[in-house]
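Trainee: Return atomic coordinates for the entry below.
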Amino acid sequence: MNDEKNKQNMSRRNFLGTTALTAAATVTILPSHVLGGKGRKAPSDRLNIACVGAGGKGKSDIRGVFDENIVALCDVDDTKIAELPGHLEDLPGSGDWFTRVKKFKDFRVMLDKMHKDIDAVTVTTPDHTHAVIALTAMNMGKHVYVQKPLTHTIREARALADTARKMKVTTQMGNQGHASEGARLINEWIWDGAIGEVSEVHCWTNRPIWPQGIDAPAEIPSVPPSLDWNLWLGPMKWRPYHPALCHFVWRGWRDFGTGALGDMGAHIINHPYWALDLKYPETVQASSTRFTDASWPVASKVIYQFPARGNKPPVKLTWYDGGLMPERPELLEQSRRLGESDGGMLFVGTKGYLMSGCYASNPRLIPETAMQAYKRPEKTIPRSPGIYEEWIEAAKKGEHSTTDFSYSGPLTETMLLGNVAILLQDQNMIYHWDGEKGEITNHDAANGLLHIPYREGWTL
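Mentor: I've put the predicted structure just below:
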């Protein structure tokens, strides 16, 4: 009986492309109207998904893949899993599902015990554990969806991209704006020459909206009984528990998060990165307000210089956070907001400007008279069914998604290179980056900041 079950599992995984994107399966899939019931997918059409991280953004990621077959939940805090039924109660079958789904605290135990029953894994945890979870899953042949920013360090980003390519699994970073209509319109308008040649871009955010520029707490309160603090720390060095270190506010701490740039750069820098085909910058420099050994600064400014790409000119991209913003263009109408309340981007071309919100929302040429006069081109980029649906569909077909690790890996490296420059700003240098080699070429010591050493028992 076990042999027969194993054969069935292997046949199903081959169809889904778990072990190779190019694998061609010879499995007959029955249509949904035969097995799935009205309005539901057939069981044979679904991925078996394990979700790591059930709090915060984890709730929406679980909702995003709920129409597939979620077979396991994992969170280091029992309360986060216990809260899920209340957040999913409007979804058909969520009550019965929650009583049946397997629940774990340690992702390694989950993958070890259920590896034959899992096709794909979502990773919605603090930045410092993204890489170790995703690498473990990919090395077992699982497709992975990892929340932004892809990783905590530059070395981790490169390791994830390399492993995804080696294992031929379908990957996706969770920067949902990449799947939006606005993202596609920005690309199509720029490629159409709506504002001419673009050589300058400004990107900004209202983040941080959590504490930064502060020292680590000195008190040592008791660890809540629901939380496995050792697992929460994962590969980072041991420190006593404190509620000011975890549950959302972790983004501001250098050992756990990547600050405002890591949080929102994956959304905002993504759009010029895609539209202008930027890949690796040649140089980076930064300035900021005070930061500490423990946390990122309250506000920063980072300048990247990207080389020419074919007949496209070099691009200067400037990042601002903590309330800093670019100068208002003279053509922007008085009393009109630059971007949106939570941030935005401004493309500067030889023929004009293109402005958008931080998720590529409401892209417009400015002034508005230019937008009204512009004859929009045909829509040539395939539209996305959604960031989750895109990943799921690609995994089933053995294809790549649009923000897979071959794309989001270099994007993440670029973002995090800005954080390295922030930490080294007192050296008063412009740092030169060799993207192909993955190293800073004019300051050897700076390369020590491309990764944070893991504690014993954890490896990259």
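
Trainee: got the residue ranges for the helices in the stretch 251-400 of the chain?
Mentor: With DSSP state H, counting those that start in this stretch as the criterion, the stretch 251-400 of the chain has helices at 259-268, 270-275, 368-373, 387-397.

Trainee: From start to finish, how long is stretch 443-457 in a straight line?
Mentor: Distance between the two ends of stretch 443-457: 31 Å, counting by Cα to Cα, to the nearest Å.

Trainee: just use 19 as the starting number from now, easier for me
Mentor: OK, 19 is where the count begins now, so the last one is stretch 461-475.

Trainee: So what's the model's average confidence on it?
Mentor: Mean pLDDT, stretch 461-475: 96.

Trainee: Kindly report the same for stretch 329-340.
Mentor: Mean predicted lDDT for stretch 329-340 stands at 98.

Trainee: now the end-to-end length of that stretch.
Mentor: End-to-end distance for stretch 329-340: 35 Å, by Cα to Cα.

Trainee: Give me the buried positions along it.
Mentor: 333, 335-340 (16 or more other Cβ atoms under 10 Å). C-beta here means a position set from N, CA and C on the backbone, and glycine is covered the same way.

Trainee: ok, for the residue nearest the centre of the chain, nearest residue in space, not its chain neighbours?
Mentor: Most central in the chain under Cα atoms, centre = their mean is Lys166, positioned 2.1 Å from the mean C-alpha point. Leaving aside its sequence neighbours, Lys166 sits nearest to Ala284 (Cβ to Cβ, 6 or more residues apart in numbering; 3.5 Å).

Trainee: Number of residues surrounding that neighbour?
Mentor: Residues lying near Ala284 (other Cβ atoms under 10 Å) number 26.

Trainee: helices or strands next to the longest helix along the chain in the packing?
Mentor: Using DSSP state H to define each element, the chain has its longest helix at helix 423-441. Packing contacts for helix 423-441, counted by 3 or more Cβ pairs under 8 Å, 6 or more residues apart in numbering; DSSP states H and E, involve helix 172-185, strand 189-192, helix 277-286, helix 288-293, strand 301-306, strand 318-324, strand 449-452.

Trainee: Can you list the helices and strands that the third one packs against?
Mentor: Spelled out, it's helix 277-286. strand 216-223, strand 318-324, strand 333-339, strand 361-367, helix 423-441.

Trainee: Which of those sits closest to Leu106?
Mentor: When the helices and strands packed on helix 277-286 are compared by Cβ to Cβ, helix 423-441 sits nearest Leu106, at 27.4 Å.

Trainee: picking up where we left off before, out of the helices of the stretch 269-418 of the chain, deepest packed?
Mentor: For those, the largest average neighbour count (mean count of other Cβ atoms under 10 Å) is found in helix 277-286, namely a mean of 28.

Trainee: quick one: contacts of that one?
Mentor: 145, 166-168, 191, 193-195, 221-223, 225-226, 230, 269-270, 275, 314-315, 318, 320, 337, 339-340, 361-363, 376-377, 426, 429-430, 433-434, 436-437, 440 (Cβ atoms under 8 Å, 6 or more residues apart in numbering).

Trainee: Could you do stretch 309-318 as well?
Mentor: Residues contacting stretch 309-318 (Cβ under 8 Å, 6+ apart): 226, 229-234, 270-273, 275-279, 304-308, 337-342, 436-437, 440-441.

Trainee: in this protein, what spans have low per-residue confidence?
Mentor: The model of the chain has pLDDT under 70 over residues 19-62.

Trainee: ok, now with 90
Mentor: Within the chain, the ranges that satisfy pLDDT under 90 run 19-63, 111-113, 265-266.

Trainee: Give me the domain ranges for it.
Mentor: Per automatic domain parsing, the structural domains of the chain span 20-195+409-424, 196-399+428-467.

Trainee: Let me have those in a markdown table, extended by distance to Thr477.
Mentor: Formatted as a markdown table, those follow (distance: least, Cβ to Cβ, whole Å):
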| stretch | distance to Thr477 |
| --- | --- |
| domain 20-195+409-424 | 8 |
| domain 196-399+428-467 | 8 |
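
Trainee: now for these, which one comes closest to Arg473?
Mentor: domain 196-399+428-467 (5.4 Å).

Trainee: quick revisit: I'd like the helices and strands packed on helix 277-286 laid out as TSV, including distance to Leu263.
Mentor: Converted to TSV, these look like this (distance: least, Cβ to Cβ, whole Å):
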stretch	distance to Leu263
strand 216-223	23
strand 318-324	21
strand 333-339	21
strand 361-367	26
helix 423-441	19
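
Trainee: Out of these, which is closest to Ala391?
Mentor: In terms of Cβ to Cβ, the element of the helices and strands packed on helix 277-286 nearest to Ala391 is strand 361-367, at 15.2 Å.

Trainee: and the angle for the closest one with strand 216-223?
Mentor: Relative orientation of strand 361-367 and strand 216-223, computed by axes from the mean of the first three to the mean of the last three Cα atoms, to 10 degrees: 170 degrees.

Trainee: Mind giving me the packing neighbours of strand 361-367?
Mentor: Secondary elements touching strand 361-367 (3+ Cβ pairs under 8 Å, 6+ apart): helix 199-209, strand 216-223, helix 277-286, helix 288-293, strand 370-375.

Trainee: thinking again about what came up before, thinking the residue nearest to the centre of the chain is in contact with Gly192, fair?
Mentor: Yes. Counting by Cβ atoms under 8 Å, Gly192 is a contact partner of Lys166 at 5.4 Å.

Trainee: picking that back up, any chance of the helices of the stretch 269-418 of the chain in TSV, with distance to Lys184 too?
Mentor: What follows is the helices of the stretch 269-418 of the chain, written out as TSV (distance: least, Cβ to Cβ, whole Å):
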stretch	distance to Lys184
helix 277-286	23
helix 288-293	24
helix 386-391	46
helix 405-415	17
